[in-house]
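S.K.: got a structure for you, letters missing:
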């Protein structure tokens with residue numbers, strides 16, 4: 001799990017930075033648009049190795065007795081033996097779209113907030129402000145968490161299904177959820193999701209900005 005996360009994150013940031021520069025300087029995109037697009041694409045390409053681990057992790061968080069996995073590798077083994085290897089990628093289309101959307105929104109809003117905030121505090125792109133970085137990262141991650149929570153609820157319900165459940169289309173699941181739970185059903189767990197993304201962002205973005213300053217990777 002740690003190895004897949006390290007590979008995923010390293011490949012993500014490489015693709016994100018290269019894609020952002022490509023769109024901005026070679027295709028002359030508006031400066032606010034490349035982070036959204038590049039973050040979306042980078043997430044899709046870097047998460048293929050992470051999806052099986054995410055499914056097992058999600059199932060292990062359920063009540064005892066539903067899935068008795070001892071650890072990640074045991075979970076992977078059981079899924080392959082009992083459900084088939086293809087079920088390690090259950091909901092892959094929704095997962096990739098949701099994760100790419102999350103990443104695109106978070107990085108896009110983060111860079112937008114930073115660009116708008118730097119002139120207010122008389123900061124250059126190469127100046128490192130931990131307070132401003134934290135504020136922008138929490139704001140960006142919180143907005144993304146709320147906007148994408150409905151898709152996260154659907155993804156969780158898809159991932160906890162086993163082969164004993166009848167497969168249903170995403171649109172039918174959304175329709176049934178609305179009939180049974182109303183609009184509030186789509187927002188279940190949004191506060192926890194906001195906290196999860198905010199906690200991750202306050203660790204991620206200061207490190208991200210520090211490394212950009214350290215290795216002089218800021219745009220000039």
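M.R.: Ah, there it is. Small disclaimer: the values here were computed from a predicted structure and weren't measured. Numbers count the residues shown, from 1 in each chain.
S.K.: shaky segments in the chain?
M.R.: 1-8, 49, 162-168, 217-220 (pLDDT under 70).
S.K.: can you map out the strands along it?
M.R.: Counting by DSSP state E, the chain has no strands at all.
S.K.: spatially central residue in it, please.
M.R.: Nearest to the geometric centre of the chain sits residue 99, at 3.8 Å (CA atoms, centre = their mean).
S.K.: counting by contacts, list what the longest helix seen in the chain packs against.
M.R.: Of all segments of type helix in the chain, defined using DSSP state H, the longest is helix 130-159. Judged by 3 or more CB pairs under 8 Å, 6 or more residues apart in numbering; DSSP states H and E, the packing partners of helix 130-159 are helix 51-60, helix 92-117, helix 170-181, helix 190-214. Quick note: C-beta positions are derived from backbone N, CA and C, even for glycine.
S.K.: buried sites along that helix?
M.R.: 132-133, 136-145, 148-155, 158-159 (16 or more other CB atoms under 10 Å).
S.K.: include distance to residue 11 when you put the helices and strands packed on helix 130-159 into JSON lines, please.
M.R.: Compiled in JSON lines, the helices and strands packed on helix 130-159 are given as follows (distance: least, CB to CB, whole Å):
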{"stretch": "helix 51-60", "distance to residue 11": "14"}
{"stretch": "helix 92-117", "distance to residue 11": "12"}
{"stretch": "helix 170-181", "distance to residue 11": "27"}
{"stretch": "helix 190-214", "distance to residue 11": "15"}
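S.K.: which of those helices sits closest to residue 13?
M.R.: Judged by CB to CB, the one of the helices and strands packed on helix 130-159 that comes nearest to residue 13 is helix 190-214, at 7.5 Å.
S.K.: helices or strands up against that closest one?
M.R.: Checking 3+ CB pairs under 8 Å, 6+ apart, helix 190-214 ends up next to helix 92-117, helix 130-159.
S.K.: now tell me what touches it from outside.
M.R.: Residues from elsewhere that reach helix 190-214, judged by CB atoms under 8 Å, 6 or more residues apart in numbering: 13, 102, 106, 110, 126, 128, 130, 133-134, 136-138, 140-142, 144-146, 149, 152, 217-218.
S.K.: do stretch 58-65 as well
M.R.: Contacts of stretch 58-65 (CB under 8 Å, 6+ apart): 66-67, 69, 72, 75, 156, 159-160.
S.K.: check which residues of it are buried.
M.R.: Buried positions in stretch 58-65, judged by neighbour count with 16+ other CB under 10 Å: 58-60.
S.K.: for residue 51, grab the count of nearby residues.
M.R.: Neighbour count of residue 51, defined by other CB atoms under 10 Å: 19.
S.K.: in contact with it, which residues?
M.R.: Residues in contact with residue 51 (CB under 8 Å, 6+ apart) are 88-89, 92, 95-96.
S.K.: how about 10 Å then?
M.R.: Residue 51 sits next to 4, 8, 88-92, 95-96, 99, 159 when contact means CB atoms under 10 Å, 6 or more residues apart in numbering.
S.K.: could you tell me which of those count as buried?
M.R.: 4, 8, 88, 90-92, 95-96, 99, 159.
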